[in-house]
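Trainee: Coordinates only, no sequence provided:
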């Protein structure tokens with residue numbers, strides 16, 4: 001019976017959101033279908049939590065692709081299902097016409113996200129990531145203002161470039177492998193001589209979606225302009241369309257590639273360093289959290305580089321990495337949603353509960369590299385030391401995102417009752433429940449990761465010291481404000497450079513439009529006056545009379561002889 005039910009549930013994960021998309025288009029059933037949008041993730045949650053490893057062959061889809069639920073896909077399916085359910089619940093009510101459009105885009109993004117998690121072949125993964133990317137763009141620009149739309153245009157242009165790079169990579173891999181299955185494509189990396197080009201396409205193509213340094217221009221503007229309902233889905237899309245693509249196509253554990261490993265590690269450290277600098281000069285919490293997303297991308301690149309240098313580590317570290325992905329996705333989404341509340345006497349308790357939730361999420365995010373570092377410490381101390389720096393960097397950014405928020409006004413501590421005490425008391429109860437649930441979830445995730453990494457309580461002093469150092473550094477830098485020093489604009493150093501470059505290009509265009517035509521006309525007039533003032537007949541007569549002299553003829557013959565002798569000697 002399980003052999004029949006499991007494939008049906010796996011198919012329902014992708015088909016159920018598509019059916020809701022079709023039902024939303026019918027006016028008679030639209031209201032019911034729209035209310036079911038947040039619960040379209042239930043089949044995915046059931047599959048991720050209850051099903052064992054399952055494969056469903058799709059012989060007529062994407063050249064014989066398949067749906068595969070393995071350990072890697074299970075983690076990303078659970079992450080996407082949870083985050084997309086949060087997006088659906090935050091977007092309610094969905095009764096207006098614009099909201100129904102939002103519901104359709106959300107359902108299409110779900111289909112793409114679930115397809116990426118379950119794809120057993122590269123073509124199905126590529127189609128799912130493309131669908132999720134452009135549907136995510138629709139969610140971001142839905143009822144957005146002009147500045148947000150400009151920010152999202154950068155994302156859609158980069159998505160087009162990403163699709164072209166990934167498609168070129170799949171063409172090379174598919175031609176060499178003769179198949180679209182991930183297992184066959186990974187073998188091409190092991191045996192093919194063109195690995196450098198393929199690695200570059202892989203890192204750049206999926207790195208645009210993950211936010212690799214140099215390809216992250218969309219990250220800060222989109223994080224700032226995204227409405228709260230879309231932020232969880234944005235985190236799920238980044239991890240699935242970026243990191244999952246690397247995990248599916250890189251032959252981790254099967255190849256020792258020292259050169260690529262070193263390149264990825266250097267890119268990781270540059271990314272982490274840039275993320276810290278960008279967070280230091282930002283005073284907007286969501287722009288700082290964009291730096292945290294960039295730092296996480298640097299962490300994943302560092303882990304991939306370490307595994308390419310030490311392939312024997314992958315079998316033991318893969319479970320820790322997947323648990324850390326789940327941990328970081330939940331934590332970053334929670335930090336993007338939570339904010340401080342500052343109104344009324346009951347709001348004082350609300351602030352305490354909200355601050356508790358935010359610090360739990362920050363702790364969960366800061367502890368993302370700890371399990372990976374503890375495992376690598378038993379294999380390579382240098383790699384563990386480098387990842388300890390990643391822990392400090394992510395801790396610093398997460399703590400700074402909370403500490404740079406403007407402190408509450410002292411009048412908020414008044415004991416005078418607010419007219420909304422009843423509603424706020426209900427919010428207090430909700431926040432208290434969330435705080436307890438968040439604390440239990442944080443403890444469970446950390447305990448599971450430490451168990452997978454094989455860490456004991458005695459070995460946790462070093463991660464605890466690193467995390468404490470990051471918090472202290474964030475506390476000190478939160479008060480470091482020089483009035484004459486302007487805050488870095490959203491987008492970081494590269495955005496500042498791009499603005500200066502745009503101004504330079506504009507100046508060159510102005511020069512070409514005004515100055516160059518004037519200089520050209522002046523030079524043309526001068527040449528024309530020289531040309532028209534020359535007496536060409538008299539000049540020709542002078543040349544002819546000069547050639548009639550013997551001294552001139554002998555000199556020319558001598559020069560000709562020297563040229564001939566030089567040519568003969570050069571041979």
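Mentor: Ah, there it is. This one's a predicted model, so the numbers in the text were calculated from it and none came from an experiment.
Trainee: Double-check that residue 52 belongs to a helix.
Mentor: No. Looking at residue 52 with DSSP: H, G, I helix; E, B strand; the rest coil, it is coil, so not inside a helix.
Trainee: which ones are touching the nearest residue to it once chain neighbours are set aside?
Mentor: Nearest non-adjacent residue to residue 52, counting by Cβ to Cβ, 6 or more residues apart in numbering: residue 6, 7.3 Å away. In this view, the C-beta of every residue, glycine as well, is placed from N, C-alpha and C. Neighbouring residues of residue 6 by Cβ atoms under 8 Å, 6 or more residues apart in numbering: 51-52, 54.
Trainee: could you flag which of the residues you listed are buried?
Mentor: With neighbours counted by 16 or more other Cβ atoms under 10 Å, the contacts of residue 6 contain buried members at 51, 54.
Trainee: out of the contacts of residue 6, who's nearest residue 295?
Mentor: Comparing the contacts of residue 6 against residue 295 with Cβ to Cβ places residue 51 closest, at 33.6 Å.
Trainee: in which helix or strand would I find the residue nearest to residue 52?
Mentor: Taking DSSP states H and E as the criterion, residue 6 maps to helix 2-24.
Trainee: Flag every buried residue along that helix.
Mentor: Buried residues in helix 2-24 (16+ other Cβ under 10 Å): 6-7, 9-14, 16-17, 20-21, 23-24.
Trainee: any idea of the mean pLDDT for that helix?
Mentor: Mean per-residue pLDDT for helix 2-24: 86.
Trainee: How are the strands of the stretch 251-400 of the chain distributed by residue range?
Mentor: In the stretch 251-400 of the chain, no strands are found when defined by DSSP state E, counting those that start in this stretch.
Trainee: where are the low-confidence patches of it?
Mentor: Residue ranges of the stretch 251-400 of the chain with pLDDT under 70: 339-354, 378-384.
Trainee: which stretches of it form helices?
Mentor: Assigned by DSSP state H, counting those that start in this stretch, the helices in the stretch 251-400 of the chain fall at 258-280, 285-309, 314-337, 346-366, 370-377, 381-403.
Trainee: who's in contact with stretch 174-183?
Mentor: Contacts of stretch 174-183 (Cβ under 8 Å, 6+ apart): 62-66, 120-124, 170, 184-185, 187-188, 192, 248-249.
Trainee: re earlier: now the buried residues of helix 2-24 as JSON lines including distance to residue 375?
Mentor: Formatted as JSON lines, those follow (distance: Cβ to Cβ, whole Å):
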{"residue": "6", "distance to residue 375": "32"}
{"residue": "7", "distance to residue 375": "35"}
{"residue": "9", "distance to residue 375": "33"}
{"residue": "10", "distance to residue 375": "31"}
{"residue": "11", "distance to residue 375": "36"}
{"residue": "12", "distance to residue 375": "36"}
{"residue": "13", "distance to residue 375": "31"}
{"residue": "14", "distance to residue 375": "34"}
{"residue": "16", "distance to residue 375": "38"}
{"residue": "17", "distance to residue 375": "37"}
{"residue": "20", "distance to residue 375": "41"}
{"residue": "21", "distance to residue 375": "42"}
{"residue": "23", "distance to residue 375": "47"}
{"residue": "24", "distance to residue 375": "46"}
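Trainee: out of these, which one sits closest to residue 328?
Mentor: Nearest to residue 328 among the buried residues of helix 2-24, counting by Cβ to Cβ, is residue 13 at 23.2 Å.
Trainee: any idea how this structure splits into domains?
Mentor: 1-249, 539-571 (automatic domain parsing).
Trainee: Give me the distance between the first one and the centre of its chain.
Mentor: For domain 1-249, the gap between its own C-alpha mean and the chain's C-alpha mean amounts to 14 Å (Cα atoms, centre = their mean, to the nearest Å).
Trainee: The residue nearest to residue 52 and residue 51: what is the separation?
Mentor: 5 Å (Cβ to Cβ, to the nearest Å).
Trainee: about what we covered before: most tightly packed of the domains of the chain?
Mentor: domain 1-249 (a mean of 19; mean count of other Cβ atoms under 10 Å).
Trainee: On the C-terminal side of the strand or helix carrying residue 200, identify the next helix or strand.
Mentor: Using DSSP H and E, residue 200 sits in helix 195-210. Remark: after helix 195-210, the chain's next helix or strand is helix 219-225, criterion DSSP H and E.
Trainee: Name the next helix or strand downstream of that following helix, please.
Mentor: Next element after helix 219-225 (DSSP H and E): helix 231-238.
Trainee: packing partners for that following helix?
Mentor: If you count contacts as 3 or more Cβ pairs under 8 Å, 6 or more residues apart in numbering; DSSP states H and E, helix 231-238 packs onto helix 71-90, helix 97-118, helix 122-141, helix 195-210, helix 219-225, helix 314-337.
Trainee: could you dump these to CSV with distance to residue 568?
Mentor: Output for the helices and strands packed on helix 231-238, formatted as CSV (distance: least, Cβ to Cβ, whole Å):
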stretch, distance to residue 568
helix 71-90, 74
helix 97-118, 72
helix 122-141, 64
helix 195-210, 48
helix 219-225, 67
helix 314-337, 68
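Trainee: among the ones you listed, which is nearest residue 563?
Mentor: Taking the helices and strands packed on helix 231-238 one by one with Cβ to Cβ, helix 195-210 is closest: 49.1 Å.
Trainee: I'd like to know which elements that closest one is packed against.
Mentor: In terms of contacts (3+ Cβ pairs under 8 Å, 6+ apart), helix 195-210 is packed against helix 146-177, helix 182-191, helix 231-238, helix 244-249, helix 258-280, helix 285-309.
Trainee: Who are the packing partners of the last one?
Mentor: Which is helix 285-309. Applying 3+ Cβ pairs under 8 Å, 6+ apart, one finds that helix 285-309 contacts helix 195-210, helix 219-225, helix 258-280, helix 314-337, helix 370-377, helix 381-403.
Trainee: Can I get the ones you listed in a markdown table including distance to residue 529?
Mentor: Converted to a markdown table, the helices and strands packed on helix 285-309 look like this (distance: least, Cβ to Cβ, whole Å):
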| stretch | distance to residue 529 |
| --- | --- |
| helix 195-210 | 56 |
| helix 219-225 | 56 |
| helix 258-280 | 58 |
| helix 314-337 | 70 |
| helix 370-377 | 77 |
| helix 381-403 | 67 |
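Trainee: Residue 66: helix or strand, and which one exactly?
Mentor: strand 65-69.
Trainee: That strand versus helix 71-90: what angle between them?
Mentor: 80 degrees (axes from the mean of the first three to the mean of the last three Cα atoms, to 10 degrees).
Trainee: outside of strand 65-69, which residues touch it?
Mentor: Defining contact as Cβ under 8 Å, 6+ apart, one finds that strand 65-69 is touched by 10-11, 13-14, 47-48, 51, 53-58, 77, 118-121, 123-124, 180-181.
Trainee: if you set the cut-off to 7 Å instead, what comes out?
Mentor: Counting contacts by Cβ atoms under 7 Å, 6 or more residues apart in numbering, the residues outside strand 65-69 that touch it are 10, 47, 51, 53-58, 118-121, 123-124, 180.
Trainee: Quick check: mean pLDDT of it?
Mentor: The average pLDDT for strand 65-69 rounds to 87.
Trainee: Now for residue 507, how many residues are close by?
Mentor: By other Cβ atoms under 10 Å, 10 other residues sit near residue 507.
Trainee: Show the model's pLDDT score for it.
Mentor: pLDDT recorded at residue 507 is 76.
Trainee: Quote the end-to-end distance of stretch 57-70.
Mentor: 14 Å (Cα to Cα, to the nearest Å).
Trainee: so which of the helices and strands packed on helix 285-309 gets nearest residue 556?
Mentor: Residue 556 lies closest, by Cβ to Cβ, to one member of the helices and strands packed on helix 285-309: helix 195-210, at 57.9 Å.
Trainee: Report the angle between that closest one and helix 231-238.
Mentor: Using the same axes, to 10 degrees: helix 195-210 against helix 231-238 is 180 degrees.
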